[in-house]
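*Asks:* sequence and predicted structure below; questions after.
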Amino acid sequence: METLSVLKKGARFVMACMLAGIMTAGLSPAPAWGAPDAAASGVEGGVAADVRAIAPLSSSNVGAQDYSLGWDRWAEPVTSYLHEVSGGLQRVEYADGRLVVEDYDAERNVVASRTVDASTYRPTGAASVLWGGFFSGSTANFVVTGQSNPSEDDELPVVRITKYSKDWAYQDGLELAGINTYIPFDAGSLRMTEVGGKLYIRTAHEMYESSDGLHHQANMTFIINEADLSLDDWETDVWNVSSPLGYVSHSFNQFVTTLDGSVYALDHGDAYPRSVVLKRLNGGYVNVLDIWGKTGDNWTGVSVGGFTSSEASNTLLGVGNSVDQDAVTSSSDFSSFARNVWLSVTPSGLGSSRLVELTSYGTDSLTMASTPVIVKVDEDRFLVAWEVYERQAADQSFYPTGRFSYVFVDGDGKTIGRMRTETGALSDCQPIVVGGDIVWYVTGTYGAYGTVCAAAAKRPAALPDGSLWIIRGRTPSLSWTAA
């Protein structure tokens, strides 16, 4: 493990309101899961986990992709993930200070679980871990964590990248210090992608105190060589969006994707620039949605929910929600106006960008859309989904309804078929495509909002081959309806 001090530098549709399985007493871990090395005891090698067959992790990720309600103005790091593995699915979730990994077989039964040894991903000197994110790479798994730096100590590792094998054996770690970071991942998210043997990390941070006495927030970007975890490039200092890696401040959500070997990022900015901005790393940029108001006003009436690419159309597709920016006359409109779902369609050359509205609620509508997600089904077919919120008469605020809507689009932004609405919810678990199914999981309830994620087990009418997964309450329990 290396500590690096960085100096300053110029189909079928499966709606999953859960992921779980029926636990059989005494069930042993599946052989494909990988057995722990009994000699492994921590940070520098061996399997960094205890492996055991247990009930699914109890958590609450319902609605976590959304930052449209109440006082929410920025995203938070994603904590729940799902990816395909040999023989089934793997759930990765950071909850209650633990990184838990669960394996599911082809019948969606949980067959094994492990809690990853925190000493393998805890930054040196950290009293507690700040969660950044997880990425399932082609040949390795990557975890990003950090710690606060209240003393602005250039020797303190504030970001750690940890590499594991695909069966979660610890392999290597890289710690970053001296990167102008007061609090990593603050008021933003973290997402990763890979291309050409390099890992691209797009996230946020609160920076060292500036001359005005404030700790300003911005995005930050790291490019890591996956083979040896060496740092290839980075950007953490104050700059502008024309910089090589595209500085945005404040940046309230960060996305990254690839197209034809190039890496692109999508940021939600409130100042420099005050827009949703699309940047090709080491290239140009384009504003896909301009935001009304004063530079640096945290209220934007916008959220961003997804970003992907279409090889068929050679376009980049982003999704989010927004109030009618042309109708806004004061900052208070950002929280009182209803929001619509938008889809941005941008050619890879970034010469222009087109915005498509997928919903058409009026500013005073009793219904609005949550932060949406986008899922690539194939290179010319994408699912856009969002939760349906309704305005309550008592306080004129919007609340979840326990319903979500979805529509398919192509790489040019044209809708395929009609929009449909089902009972269920979204979460910060990015949906994935598995054998023609679109799968994600949701756990928990809406708590203070009073809406439980509970749905009738029925197939979506749009796709008769579909199946529906349901969760009721905080602990996942499987309800499987076959086609």
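*Replies:* Arrived safely, thanks for sending. Only a predicted model underlies this, so the values are computations on that prediction, with no experimental measurement involved. Numbers count the residues shown, from 1 in each chain.
*Asks:* wait, a helix at residue 334?
*Replies:* Yes - counting by DSSP: H, G, I helix; E, B strand; the rest coil, residue 334 falls inside a helix.
*Asks:* what pLDDT does the model give it?
*Replies:* Residue 334 carries a pLDDT score of 97 in this model.
*Asks:* any idea how many residues pack against it?
*Replies:* 22 (other C-beta atoms under 10 Å). (Glycine included, C-beta is placed from N, CA and C.)
*Asks:* name the nearest residue to it, sequence neighbours excluded.
*Replies:* With C-beta to C-beta, 6 or more residues apart in numbering as the criterion, residue 334 has its nearest non-adjacent residue at 3.5 Å, and that residue is residue 301.
*Asks:* residue contacts, that neighbour?
*Replies:* Taking C-beta atoms under 8 Å, 6 or more residues apart in numbering, we find residue 301 in contact with 291-292, 322-323, 325, 328, 333-335, 337, 339.
*Asks:* what about those, which are in strands?
*Replies:* Per DSSP state E, strands hold the following members of those: residue 322.
*Asks:* can you get me a residue count around the residue lying closest to residue 380 once chain neighbours are set aside?
*Replies:* Distance criterion C-beta to C-beta, 6+ apart; nearest residue to residue 380, sequence neighbours excluded, is residue 312 at 3.7 Å. The number of residues packed near residue 312 is 13, by other C-beta under 10 Å.
*Asks:* quick check: pLDDT value at residue 312.
*Replies:* pLDDT, residue 312: 98.
*Asks:* what sits against it?
*Replies:* Taking C-beta under 8 Å, 6+ apart, we find residue 312 in contact with 379-380, 410-411.
*Asks:* could you dump those residues to JSON lines with neighbour count, distance to residue 171 and secondary structure?
*Replies:* As requested, those are arranged in JSON lines below (neighbours: other C-beta atoms under 10 Å; distance: C-beta to C-beta, whole Å; DSSP: H, G, I helix; E, B strand; the rest coil):
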{"residue": "379", "neighbour count": "14", "distance to residue 171": "32", "secondary structure": "coil"}
{"residue": "380", "neighbour count": "16", "distance to residue 171": "37", "secondary structure": "coil"}
{"residue": "410", "neighbour count": "18", "distance to residue 171": "40", "secondary structure": "coil"}
{"residue": "411", "neighbour count": "22", "distance to residue 171": "37", "secondary structure": "coil"}
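*Asks:* quick one: which two of those are the most distant?
*Replies:* 379 and 410 (9.6 Å; C-beta to C-beta).
*Asks:* for the contacts of residue 312, which one is nearest residue 390?
*Replies:* Once C-beta to C-beta is applied, the member of the contacts of residue 312 that ends up nearest residue 390 is residue 410, at 30.2 Å.
*Asks:* is it true that the closest one touches residue 381?
*Replies:* Yes - using C-beta atoms under 8 Å, residue 410 is in contact with residue 381, at 6.4 Å.
*Asks:* overlap in contacts of those two?
*Replies:* Joint contacts of residue 410 and residue 381 (C-beta under 8 Å, 6+ apart) are residue 416.
*Asks:* joint contacts of residue 379 and residue 410?
*Replies:* Common neighbours of residue 379 and residue 410 (C-beta under 8 Å, 6+ apart) are 310, 312.
*Asks:* in stretch 373-381, what's buried?
*Replies:* 373-377, 380-381 (16 or more other C-beta atoms under 10 Å).
*Asks:* closest one to residue 75 out of the residues you listed, please.
*Replies:* Using C-beta to C-beta, the buried residues of stretch 373-381 come closest to residue 75 at residue 373, 12.5 Å.
*Asks:* just list whatever residues bridge to the closest one.
*Replies:* Beta-bridge partners recorded for residue 373 (DSSP bridges): residue 385.
*Asks:* same deal with residue 434?
*Replies:* Under the criterion used (DSSP bridges), residue 434 bridges to residue 437.
*Asks:* what about it, how many residues nearby?
*Replies:* The local packing of residue 434 (other C-beta under 10 Å) involves 17 other residues.
*Asks:* state the distance from it to residue 376.
*Replies:* Residue 434 is 13 Å from residue 376, where distance means C-beta to C-beta, to the nearest Å.
*Asks:* coming back round to it: let's have the contacts of residue 301 in a markdown table, adding distance to residue 357.
*Replies:* Below are those laid out as a markdown table (distance: C-beta to C-beta, whole Å):
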| residue | distance to residue 357 |
| --- | --- |
| 291 | 16 |
| 292 | 16 |
| 322 | 9 |
| 323 | 12 |
| 325 | 12 |
| 328 | 16 |
| 333 | 18 |
| 334 | 18 |
| 335 | 20 |
| 337 | 14 |
| 339 | 11 |
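*Asks:* can you say which of the contacts of residue 301 are buried?
*Replies:* For these, a burial check counting by 16+ other C-beta under 10 Å picks out 291-292, 322-323, 325, 328, 333-335, 337, 339.
*Asks:* pull out the buried positions in stretch 241-259.
*Replies:* For stretch 241-259, by 16+ other C-beta under 10 Å, it's 241, 243, 245-259.
*Asks:* again, but for stretch 91-111
*Replies:* Neighbour counts over stretch 91-111 (16+ other C-beta under 10 Å) mark 91-95, 99-104, 108-111 as buried.
*Asks:* quick check, residue 187 in contact with residue 206.
*Replies:* Yes - using C-beta under 8 Å, residue 187 is in contact with residue 206, at 7.1 Å.
*Asks:* which of those two has more neighbours?
*Replies:* The neighbour comparison of residue 187 against residue 206 (other C-beta under 10 Å) goes to residue 206, with 22 against 19.
*Asks:* quick one: that one from residue 413, how far?
*Replies:* According to C-beta to C-beta, residue 206 and residue 413 sit 35 Å apart.
*Asks:* and for residue 278?
*Replies:* Taking C-beta to C-beta as the measure, residue 278 falls 14 Å from residue 413.
*Asks:* more neighbours: the two, which one.
*Replies:* Set residue 278 next to residue 413 and count neighbours by other C-beta under 10 Å: residue 278 wins out with 24 against 20.
*Asks:* fine, thanks again, bye for now.
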